[in-house]
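# how would this look folded up:
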Amino acid sequence: MEKLTAAGATKIFSEKQSGLDKDRPELARCLEWVREGDTLLITKLDRLARSAVHLHQIAEELDRKGVGFKVLDDASLDTTTRTGKLVFGILASIAQFETELRKERQMEGIAKAKAKAEKAGAPWITGRPTTLNHDEIRKLRTGGLSVRQIAKEVGCSPSAVQKVLKAGEA
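Presented below is the predicted three-dimensional model:
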């Protein structure tokens, strides 16, 4: 509060909730209150938003309203200057790049897991039937198949077969 007052803040909004909280009434009031020509001052970037996406949503809203944005503990983040806008844009680009890289890696990992599951004959990893035919599982077991063989035959995990067999014992 002292830093904000010392920096010239005339109206201060404060809330105890985390930046992760979706319901932040004071932030909403602040964003509604600011007008063209104002500058939103914050002490630290993590006090405003916890994700790059949320930060950029806020920054875009401020920009549409003609409101500047300054981070007191990081003078390079000041959208009221050309250099500050550049730095903010670079940070935005880096955040977007990292998000896209994570998504690509995730999709590659999913594809590898599916390929590995199909090669190993484990269809339960790529999708399993919504309902298991308990009678068929018991019949296959009576026929001498192992739990793993049954799982492969009916397209589910061995643990699902074990649950069906155990339920039949009770």
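
# was I right about residue 33 contacting residue 11?
Yes - contact criterion C-beta atoms under 8 Å: residue 33 and residue 11 qualify, at 6.7 Å. All C-beta atoms are positioned from the backbone trio N, CA, C, and that covers glycine.

# pLDDT weak spots in this protein?
Under the criterion pLDDT under 70, the flagged ranges of the chain are 17-22, 50, 120-130, 170.

# next up, the contacts around the spatially most central residue of it.
By C-alpha atoms, centre = their mean, the mean C-alpha position of the chain lies nearest to residue 51, the distance being 8.8 Å. By C-beta atoms under 8 Å, 6 or more residues apart in numbering, no residues touch residue 51.

# swap in residue 134?
164, 167, 168.

# what packs against the longest helix along the chain?
The longest helix of the chain (DSSP state H) is helix 82-119. Packing partners of helix 82-119 (3 or more C-beta pairs under 8 Å, 6 or more residues apart in numbering; DSSP states H and E): helix 52-65.

# would you confirm that residue 154 contacts residue 140?
Yes - with contact defined as C-beta under 8 Å, residue 154 reaches residue 140; the gap is 7.5 Å.

# quick check: residue 102 vs residue 48, distance?
Computed as C-beta to C-beta, to the nearest Å, the residue 102 to residue 48 distance reads 22 Å.

# more neighbours, the two?
residue 48 (19 against 10; other C-beta atoms under 10 Å).

# count the residues that sit near the residue nearest to that one when sequence neighbours are not counted.
Closest residue to residue 48 apart from its sequence neighbours, by C-beta to C-beta, 6 or more residues apart in numbering: residue 42 at 5.0 Å. Number of residues near residue 42 (other C-beta under 10 Å) recorded here: 23.

# residue 42 against residue 68, yeah?
No - between residue 42 and residue 68 there is no contact under C-beta under 8 Å: 11.7 Å.

# dump the residue contacts of the nearest residue to residue 44 once chain neighbours are set aside.
In space, and not counting its chain neighbours, residue 44 is closest to residue 73: 5.0 Å by C-beta to C-beta, 6+ apart. Shown in contact with residue 73 (C-beta under 8 Å, 6+ apart): 43, 44, 45.
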